[in-house]
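*Asks:* Structure, please.
(one chain, ligands or ions: 1)
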Amino acid sequence: MSSSNKQAGSLNEKAGISSPEITNASAICQIKNKRRQQPSAEELVSGLLSGNRTALSRAITLIESTNPEHTEKANKIIKECLPKANKSIRIGITGVPGVGKSTFIEAFGTFLTQLGKKVAVLAVDPSSSLSHGSILGDKTRMEELVKDENAFIRPSASGETLGGVARKTRESIILCEAAGFDTIIIETVGVGQSETAVHSMVDFFLLLKISGAGDELQGIKRGIMEMADAIVINKADGDNIKKANLAKVEFNRALHLFPSKKSTWQPKVTTCSSVTKEGIPEVWETILKYFEMTHENGFFQEKRTEQNQFWMMETINEQLKSNFYNRPEIVSQLEQIKKAVQNNEISPFAAAQLLLEKYFKA
Ligand code: GDP
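*Replies:* Now for the predicted structure:
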């Protein structure tokens, strides 16, 4: 017997624990250890396919992990889930902080689960790695939905690059769909390039707005207006109703000035209140009309195929870039060559060529 076991034995004697109890204690210990053991990829897939939200959550954690062992396991899970994915409508929701995204998703998501839908809410927020904790997909701000057994809410993955966060979200969409979620909501804040990334992973893109001081269009990036399939003016309640209706007219007028979309869909502007729930069913009606129309004219499938190809190319680009910048030959010389460019000792093109040659020769 080892000294530590002897010590434990004497402690047990002192505590009055007899040998059958020791056997029981070790059995409990074994069970606890087993619980601590991570489930296998097969176990997670079978849990996930039967709609188990814990299995889904654990599988997403593997996707988000940077540990190579986890990545391998995650890839296995995605491969198994892929044939079961795709049967959903993916809705992107964007808007500046304070516009009411969380409140809207809570109201809209609850409306959908009451219709018998299964709703997953994911978020893309590359800034969350800086702020250490995302403000998107915040469960404490979606109190009803978080308790709803037909809903699944996951805050944004953290990651250094938008590309990394977006890839993780895209893979999470596959898992959510395989777990039976038929309505996927992807939330993002209107900053940087995150709307473009979200736009390239959803079927329908919704811009949430509030009525302002009359100059509604000021400060909106043209690109976002162009991407929107619907603009929903939130907080249309109380004293705000009149202003919201005026904003609706103004947005409608502005949208008509944009060239028509490839989908031939004419973007809709509606008003709603996420507090009184007025206008929430109309948002769903709009989305259903879009779904119907783009299924009929084939655009829905065409867009998904294009998106898949886009994400394949994005993944290649990301990995090539990361491989380049992490190569020891490049790491050791990059700063020095950048300085040479700064001092006009070498042209930027010749410098790039030099580094690329080192990369390809290595
Ligand atoms: P987010 O930052 O875009 O997620 O915005 P939140 O959902 O946190 O909402 C910001 C604030 O606006 C909160 O105080 C909400 O209660 C309020 N809010 C959201 N939607 C509405 C609405 O439809 N009507 C009114 N009156 N207030 C709202």
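*Asks:* going forward, measure contacts between C-alpha atoms and count neighbours the same way
*Replies:* Noted.
*Asks:* could you give me the average pLDDT of whichever strand or helix holds Ile287?
*Replies:* Assigned by DSSP states H and E, Ile287 belongs to helix 280-296. Across helix 280-296, pLDDT averages out at 97.
*Asks:* so how many other residues sit close to Trp325?
*Replies:* To be clear, residue 325 is Tyr; Trp isn't right here. By other Cα atoms under 10 Å, the residues close to Tyr325 number 14.
*Asks:* quick one, strands of the protein?
*Replies:* Applying DSSP state E to the chain gives strands spanning 89-95, 119-124, 151-153, 183-189, 204-210, 230-234, 268-271.
*Asks:* And the residue of the stretch 1-150 of the chain that's closest to the ligand?
*Replies:* Across the stretch 1-150 of the chain, no residue is closer to the ligand than Gly100, which sits at 3.2 Å (Cα to the nearest ligand atom).
*Asks:* what does the stretch 151-300 of the chain put close to the ligand?
*Replies:* For the stretch 151-300 of the chain, the contact set with the ligand under Cα under 6 Å from any ligand atom comprises Asn234, Lys235, Asp237, Ser273, Ser274, Val275.
*Asks:* In CSV, list the residues you listed along with pLDDT and neighbour count.
*Replies:* Listed next are those as CSV, based on pLDDT from 0 to 100; neighbours: other Cα atoms under 10 Å:
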residue, pLDDT, neighbour count
Asn234, 96, 27
Lys235, 96, 25
Asp237, 96, 18
Ser273, 97, 22
Ser274, 97, 22
Val275, 96, 16
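*Asks:* Wait, the residue of the stretch 1-150 of the chain closest to the ligand touches Asn234, no?
*Replies:* Yes - the criterion here is Cα atoms under 8 Å, and Gly100 meets it with Asn234 at 7.1 Å.
*Asks:* what do those two both touch?
*Replies:* Shared contacts of Gly100 and Asn234 (Cα atoms under 8 Å, 6 or more residues apart in numbering): Leu208, Ser274.
*Asks:* Including distance to Pro83, could the residues of the stretch 151-300 of the chain next to the ligand go into a markdown table?
*Replies:* Formatted as a markdown table, those follow (distance: Cα to Cα, whole Å):
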| residue | distance to Pro83 |
| --- | --- |
| Asn234 | 37 |
| Lys235 | 40 |
| Asp237 | 44 |
| Ser273 | 38 |
| Ser274 | 36 |
| Val275 | 39 |
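*Asks:* got the CA coordinates for stretch 315-325 in PDB?
*Replies:* Backbone C-alpha positions of stretch 315-325 (Å, rounded to 0.1, in the frame of the first residue of the first chain) are rendered in PDB as follows:
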ATOM      1  CA  THR A 315     -11.900  28.900 -45.600                       C
ATOM      2  CA  ILE A 316      -9.100  28.200 -48.100                       C
ATOM      3  CA  ASN A 317      -8.100  31.900 -48.000                       C
ATOM      4  CA  GLU A 318      -8.100  32.100 -44.200                       C
ATOM      5  CA  GLN A 319      -6.000  28.900 -43.900                       C
ATOM      6  CA  LEU A 320      -3.500  29.900 -46.500                       C
ATOM      7  CA  LYS A 321      -3.100  33.300 -44.900                       C
ATOM      8  CA  SER A 322      -2.700  31.900 -41.400                       C
ATOM      9  CA  ASN A 323      -0.200  29.300 -42.700                       C
ATOM     10  CA  PHE A 324       1.800  32.000 -44.400                       C
ATOM     11  CA  TYR A 325       2.000  34.400 -41.400                       C
END
